[in-house]
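*Asks:* Return a 3D structure for these sequence lines:
(one chain, ligands or ions: 1)
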Amino acid sequence: VRIYNFSAGPATLPLPVLEEAQRELLDWAGSGTSVMEISHRSKAFLAVAREAEADLRELLAIPPEYKVLFLSGGATLQFASIPLNLVGPGDSVAYVNTGHWSDKALKEARRYATVTVAADAKDSNYTTIPEVASWQVDPAARYLHYTPNETIQGVEFPFIPDVPVPLVADMSSNILSAPLEVSRFGLIYAGAQKNIGPSGLTIVIVREDLLGRAQASLPSVMNYSLQAAEGSMLNTPATFPWYLAGRVFKWLKREGGLAAMGRNNAAKAALLYDYIDASGFYSNPVVPAYRSRMNVPFRLADAALEGLFASEAAAEGLRFLEGHRAVGGMRASLYNAMPIEGVHALIAFMKAFVVRHG
Ligand SMILES: *Cc1c(COP(=O)(O)O)cnc(C)c1O
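*Replies:* The predicted model follows:
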């Protein structure tokens, strides 16, 4: 039996997609082999790759002047690739720090560029987003980097900030969760393992005019211009994750696209936050306007019960509710593939747990 998997990542995938992959694992499209066992340069795989890109472009309505890259190395490699590709000698870059991942991104960027911190939410213990009007954005910065959804603290931007420099966004945990105005961004990137597919694949969407400044020492596989010219196949790409991501894109289209996802995700998150706020036992510290729809961290009134909470939940098929090791507590991740039934089941368990132990 399938559990309700609340993991932050690698995360739950749509069951119909897994079933499809299972059906064609041994004999893919009548080829007598799996998709994992064929050349990335074969006609058959190139068609898979191209179709995945076309479907992603359609889902996000990506304008033609953006390149879409299917890379490896996770979001973490992009923390370095982004400054190394976009920044020339002496250039500065601006970063907004709203939690664990934006802090990691800015620390890595410091190794390659002059970083100014335009805004920092650390003093709030990452429970809010500083007013954009108060951000100190260096108008000479090559870009401003921010993290629209902080996966660990559960803080999400409900808007796209208006700044005078190109926006770079780490959308690892909220890409494809609602319609997005891609044209507002210079670069969007996301590791696949939260809301796209299996780990091993990273998607980068970059406006062409930002390219061409790569430093000469940049490794070729990290060079966006070279990868774009080679169709993300400068070397062997992560073929199975690319294939599976393509299946997820088809599933998203069948389910009504990103508008439908946006409605579902808003409804799931509202259910859980409303219950947490009303419970008198569970709590979420984030300013309500900035609460994440994707990752819902919460604490119990008695922290000593958290281990018991996780083990009793697991026994009922509600798994991976432990918070990130950096912050503790509990966390329920509600990506596209989490059905609303999973949220109902979680809330029913939380209510019963209060009756037993509250
Ligand atoms: C998970 C996550 C990362 C790290 O991703 P890797 O693929 O492990 O490098 C970075 N940023 C955000 C927002 C994340 O959720």
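*Asks:* Which of the three states applies to residue 236?
*Replies:* Secondary structure, DSSP: H, G, I helix; E, B strand; the rest coil: residue 236 is coil.
*Asks:* Quick check: the residue nearest to residue 264 when sequence neighbours are not counted vs residue 315, distance?
*Replies:* With CB to CB, 6 or more residues apart in numbering as the criterion, residue 264 has its nearest non-adjacent residue at 6.8 Å, and that residue is residue 340. Where you see a C-beta, it was placed from the backbone N, CA and C, and this is true even at glycine. Per CB to CB, to the nearest Å, residue 340 is found 22 Å from residue 315.
*Asks:* Which residue, other than its chain neighbours, is closest to the residue in the stretch 1-150 of the chain that the ligand sits nearest to?
*Replies:* Closest to the ligand within the stretch 1-150 of the chain is residue 74: 2.7 Å, counting by CB to the nearest ligand atom. With sequence-adjacent residues excluded and distances taken as CB to CB, 6+ apart, residue 74 is closest to residue 191, at 4.7 Å.
*Asks:* Residue 178 now?
*Replies:* Counting by CB to CB, 6+ apart, the residue nearest residue 178 is residue 262, at 3.3 Å.
*Asks:* Against which helices or strands is the helix or strand encompassing the one you found packed?
*Replies:* Using DSSP states H and E, residue 262 sits in helix 257-279. For helix 257-279, the elements it packs on are helix 43-60, strand 282-283, strand 295-300, helix 340-357, judged by 3 or more CB pairs under 8 Å, 6 or more residues apart in numbering; DSSP states H and E.
*Asks:* looking at these, which is buried most?
*Replies:* Comparing these on average neighbours per residue, with mean count of other CB atoms under 10 Å, the densest one is strand 295-300 at a mean of 24.
*Asks:* what mean pLDDT would you report for the helix holding residue 262?
*Replies:* Averaging pLDDT along helix 257-279 yields 98.
*Asks:* between it and helix 43-60, how many degrees?
*Replies:* Interaxial angle of helix 257-279 relative to helix 43-60 (axes from the mean of the first three to the mean of the last three CA atoms, to 10 degrees): 60 degrees.
*Asks:* Go ahead and name everything in contact with helix 257-279.
*Replies:* Helix 257-279 is contacted by residues 59-60, 176-180, 252, 255, 282-284, 288, 291-294, 296, 298, 332, 334, 336, 338, 340, 343-344, 346-347, 350-351, 354 when judged by CB atoms under 8 Å, 6 or more residues apart in numbering.
*Asks:* Would you mind getting the angle between that helix and helix 340-357?
*Replies:* Using the same axes, to 10 degrees: helix 257-279 against helix 340-357 is 10 degrees.
*Asks:* can you give me the helices for the chain?
*Replies:* 15-23, 43-60, 74-86, 100-109, 224-229, 239-254, 257-279, 306-315, 340-357 (DSSP state H).
*Asks:* Tell me which of the ones you listed sits most buried.
*Replies:* Comparing these by mean count of other CB under 10 Å gives helix 74-86 as most buried, with a mean of 22.
*Asks:* How far off centre is that one?
*Replies:* From the chain centre to the centre of helix 74-86 is a distance of 15 Å (CA atoms, centre = their mean, to the nearest Å).
*Asks:* pLDDT (mean, whole number) over it?
*Replies:* For helix 74-86, the mean pLDDT works out to 97.
*Asks:* what helices or strands is that helix leaning on?
*Replies:* helix 100-109, strand 167-170, strand 187-191, strand 202-207, helix 224-229.
*Asks:* one more time with 6 Å, if that's ok
*Replies:* helix 100-109, strand 187-191 (3 or more CB pairs under 6 Å, 6 or more residues apart in numbering; DSSP states H and E).
*Asks:* Can you convert these into JSON lines and add a column each for distance to the ligand and mean pLDDT?
*Replies:* Formatted as JSON lines, those follow (distance: least, CB to the nearest ligand atom, whole Å; pLDDT from 0 to 100):
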{"stretch": "helix 100-109", "distance to the ligand": "4", "mean pLDDT": "98"}
{"stretch": "strand 187-191", "distance to the ligand": "3", "mean pLDDT": "98"}
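*Asks:* Would you reformat these as a markdown table and include distance to residue 22?
*Replies:* Formatted as a markdown table, the helices and strands packed on helix 74-86 follow (distance: least, CB to CB, whole Å):
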| stretch | distance to residue 22 |
| --- | --- |
| helix 100-109 | 32 |
| strand 187-191 | 24 |
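*Asks:* Perfect, I'm done here.
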